[in-house]
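Trainee: quick check, what structure comes out for this input:
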Amino acid sequence: MLLAVATLVLAATPVTVAAEEPKGAPVAESKPKHAFEWGGVYALPEGVSDLVIQPGPDASIDIALLPVPDGSPAAFDAAVAEADRVFAGRPKPVEPGEEFAPGSQFLQLRVERQSEMRFSVRTTSSGRFVLFTQHFADEFQTIFINGGRKVFPESARNFRDRFGQIVILPTAVAAFGVKTAPVATHTLTPSFSAPARVAFNAERLAHVGSAVTGRVAELPVRQGDEVKMGDTLLVLDSAELGEAQSDYLEMRTLADTAAPAVEFARSAYERAKKLLDDSQGVSLTEVQRRQSELHTASASLLNAQASLNRVANRLRLLGMGDAEIARLAERGTIAPRLAVRAPIAGRVIRRNITLGELVGPDRDALLTLADVSRLWVLVDVPEMRLGTLVVGSTARLSLAPFPGVSFDGAVSFISADLNEATRTVQVRVEVDNADGRLRPGMFARAEIRSPGVRVLAVPDAAVQTVEGKPVVFVPFPEKPDTYLKRPVTLGEAVGGMLPVLHGLREDEPIVVSGTFILKAQLGKSSAKHSH
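Mentor: Model (predicted):
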C-alpha cells in the first residue's frame with residue numbers, strides 16, 4: 001500500500017535525474033573541455049603531507065598538483081591553462097606510499113586497492129597549490145592530511161557537468177520529508193557486549209594454613225560464616241609449639257642471669273682500675289684479668305640475647321603474636337595451644353578440616369576466606385575491540401538469574417597478553433556485591449562503554465548504500481533543488497550515529513531524512529543510463 005502511495009506522489013511531483021544526452025543530440029557548450037573534472041586550491045605547510053584517497057570507481061586517477069602564487073581567481077585561471085598543457089602529456093604512475101612533489105608533472109595514482117591509500121607529498125616551502133583531478137575529488141573522498149589535521153580546499157571548481165544530479169522540486173521535498181542539516185561533531189560513547197563470568201576478588205582472598213604441626217582442638221567457625229579480621233578460626237594443640245616455647249623460656253632465663261654477671265664484672269673492673277690509677281693498690285695484671293672477665297660476661301650476655309631473639313622469632317613464625325610471647329615470658333609456663341586467626345574480614349568459603357585432625361605446614365589451606373562484598377567479573381574481550389577500551393571504562397552486567405536487573409562496575413585491569421586460541425584479552429571489572437546476589441562462577445554478559453569522544457558524525461538515516469558502498473546526499477550548490485551522492489567512509493554506529501572518517505567536513509549540509517527517495521531516483525537514473 002505504501003509503495004502505491006509513493007508511486008502516486010511521484011507521478012504528481014516532478015523528480016528528475018540529470019543524465020547524459022543521447023549520442024548525436026546537440027549539446028550546449030557551457031564549459032570548455034578539459035581532461036580533468038575538478039580542481040581545488042589547498043594551503044599546504046612546508047614538509048610532507050599525506051594525500052589520502054579512498055577506493056573509487058576506477059583503478060587509477062590522473063592528477064596534477066600545481067603551485068600558485070595566491071588563491072585569487074586569476075591565479076586559478078592561470079593554473080587551469082597550465083593543467084591543460086600538463087594533462088596533454090604522458091602520466092607517470094605512482095603507487096600508494098610513494099612520494100612526489102608539486103610541479104608541472106602529470107601523475108597517475110594507482111588506487112585499485114580496497115582500502116585507504118596514502119601518497120606522500122613533499123613541499124619545500126609553505127604555499128598554495130591547485131590539485132586537478134581526472135574525476136571529481138569527492139568520488140574518491142580525496143583529502144590532504146598534515147600532522148593528523150585534515151586540510152580542506154579553500155576554493156574549488158567543477159569543469160564537467162556532474163552525472164547523476166537528482167532534481168527534486170520543493171513540493172516533492174515536502175511530500176517525502178526531505179530535510180537537510182549541517183554535519184556536526186557529536187560526543188559518541190562506543191559500547192560492545194562480550195561474555196563474562198563472576199569470580200572472587202583475588203586481592204581479597206586468603207588461604208589460611210598452619211605453620212606448626214598440631215591437632216585441631218577447637219573449630220569455632222563453619223563454612224559460610226562471616227568473620228572479622230583477627231577472629232579465631234581454629235585452635236591447635238601442638239607439641240612443636242610447646243617445644244619452641246620451652247626453648248624460649250630457657251633462653252630468657254640465660255639472658256636474665258647473664259645481665260647481672262655483666263654488671264658485677266663491670267663493677268669489679270672499674271674498682272680495680274680506680275685503685276691502680278689512684279694509689280697503685282692493685283697490680284696491672286689484676287686489672288687486665290678483671291677487664292677480660294667483663295668482656296667474657298658481655299659476650300655471654302650478647303649470645304644469650306641473640307638466642308632469645310632467635311627463639312622468639314621462631315615463635316612468631318609458628319603463629320604467636322608479640323602479646324602472646326610477652327604473656328609466656330610473664331607466666332613462665334608453656335601453653336602449647338595456638339589460635340589461628342583470620343587475616344582478613346570475609347566469609348568462610350571452604351573448610352577442609354575436622355575436629356581432632358592432625359594438620360601441619362604441608363597443607364596449603366585449612367580454610368579459605370573471601371570478601372564477597374566486591375567481586376571481579378572477568379570479561380573475554382575480542383581483539384578488535386581493544387582500540388576503544390581503557391581502564392575506567394564503565395560496564396553494565398546482565399545475568400540470566402536476574403532478568404531485567406543490571407549490575408554496574410568499571411574496568412580495573414586489562415591483561416597484557418592475548419589468548420591466541422580465542423583471540424581475546426581478559427578484562428577485569430570490579431562490581432559491588434553488598435547485597436550478596438552475585439556468586440563466583442556465574443555466567444554474565446558485559447556491555448562495556450568507552451569514554452565519550454568528540455567526532456564528526458551523521459545520523460544513520462542520512463546514509464544509504466549504493467553499489468555496496470555508503471553514501472550521503474548533498475545539495476549541489478551550482479543548481480537549485482539539486483542533490484548529488486557523496487561517498488563516505490564511516491566508523492561503527494554508536495547510538496544511531498555514524499562517525500565520519502572521510503568524505504565530509506563540519507558544517508557541510510547533507511540530507512538527513514527522506515534519503516530513500518533520492519536513492520530510488522538515483523537507481524532509476526543508473527538503470528536508464530546503462531541502457
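
Trainee: report pLDDT for the nearest residue to residue 488 once chain neighbours are set aside.
Mentor: Spatial nearest neighbour of residue 488, excluding adjacent residues (Cβ to Cβ, 6 or more residues apart in numbering): residue 503 at 3.4 Å. C-beta here means a position set from N, CA and C on the backbone, and glycine is covered the same way. Listed pLDDT for residue 503 reads 91.

Trainee: residue 503 and residue 487 touch, don't they?
Mentor: Yes: if you go by Cβ atoms under 8 Å, residue 503 and residue 487 touch, sitting 5.9 Å apart.

Trainee: neighbour count winner among those two?
Mentor: The neighbour comparison of residue 503 against residue 487 (other Cβ atoms under 10 Å) goes to residue 503, with 25 against 20.

Trainee: from residue 474, how far out is that one?
Mentor: Here residue 503 is placed at a distance of 10 Å from residue 474 (Cβ to Cβ, to the nearest Å).

Trainee: ranges for the strands of the stretch 351-500 of the chain?
Mentor: 358-359, 367-370, 374-382, 394-398, 406-414, 424-432, 443-449, 453-459, 464-466, 469-475, 482-487, 489-490, 497-502 (DSSP state E, counting those that start in this stretch).

Trainee: out of these, the one nearest residue 278 is which?
Mentor: Shortest distance between residue 278 and the strands of the stretch 351-500 of the chain, using Cβ to Cβ, is found for strand 358-359: 68.0 Å.

Trainee: which helices and strands sit right next to the closest one?
Mentor: Here strand 358-359 touches strand 214-218, going by 3 or more Cβ pairs under 8 Å, 6 or more residues apart in numbering; DSSP states H and E.

Trainee: flag every buried residue along the strand it packs on.
Mentor: 214, 216 (16 or more other Cβ atoms under 10 Å).

Trainee: same for it, what does it pack against?
Mentor: strand 232-237, helix 239-279, strand 358-359.

Trainee: check what contacts stretch 252-271 and list those residues.
Mentor: 287, 290-291, 293-294, 296-298, 300-301, 304-305, 307-308, 329 (Cβ atoms under 8 Å, 6 or more residues apart in numbering).

Trainee: would you put the C-alpha positions of that stretch in CSV?
Mentor: Extracted as CSV, the C-alpha positions of stretch 252-271 are listed here (Å, rounded to 0.1, in the frame of the first residue of the first chain):
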residue,chain,number,x,y,z
ARG,A,252,65.2,-16.0,78.5
THR,A,253,66.5,-17.4,81.8
LEU,A,254,70.0,-17.4,80.4
ALA,A,255,69.7,-13.8,79.3
ASP,A,256,68.2,-12.8,82.6
THR,A,257,71.2,-14.4,84.5
ALA,A,258,73.8,-13.1,82.1
ALA,A,259,72.9,-9.4,82.7
PRO,A,260,73.8,-9.3,86.4
ALA,A,261,77.0,-11.1,85.7
VAL,A,262,78.0,-8.3,83.3
GLU,A,263,77.2,-5.7,85.9
PHE,A,264,79.3,-7.5,88.6
ALA,A,265,82.2,-7.9,86.2
ARG,A,266,82.0,-4.2,85.2
SER,A,267,81.9,-3.1,88.8
ALA,A,268,85.0,-5.2,89.7
TYR,A,269,86.9,-3.9,86.7
GLU,A,270,86.1,-0.3,87.5
ARG,A,271,87.1,-0.6,91.2
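
Trainee: now it: buried residues?
Mentor: Under 16+ other Cβ under 10 Å, the buried positions of stretch 252-271 are 252, 254-255, 258, 261-262, 265-266, 268-269.

Trainee: A strand includes residue 185, no?
Mentor: Yes: applying DSSP: H, G, I helix; E, B strand; the rest coil, one finds residue 185 inside a strand.

Trainee: test my guess that it contacts residue 504.
Mentor: No: Residue 185 lies out of contact with residue 504 (Cβ under 8 Å); the separation is 11.3 Å.

Trainee: which neighbours do those two have in common?
Mentor: residue 456.

Trainee: got a list of what the residue lying closest to residue 380 once chain neighbours are set aside touches?
Mentor: What sits nearest to residue 380 in space, not counting adjacent residues and going by Cβ to Cβ, 6+ apart, is residue 424, at 4.2 Å. By Cβ under 8 Å, 6+ apart, the contact set of residue 424 is 194, 380-383, 418.

Trainee: repeat the analysis, applying 10 Å as the threshold.
Mentor: Contact analysis of residue 424 by Cβ atoms under 10 Å, 6 or more residues apart in numbering lists 194-195, 379-383, 385-386, 415, 418.
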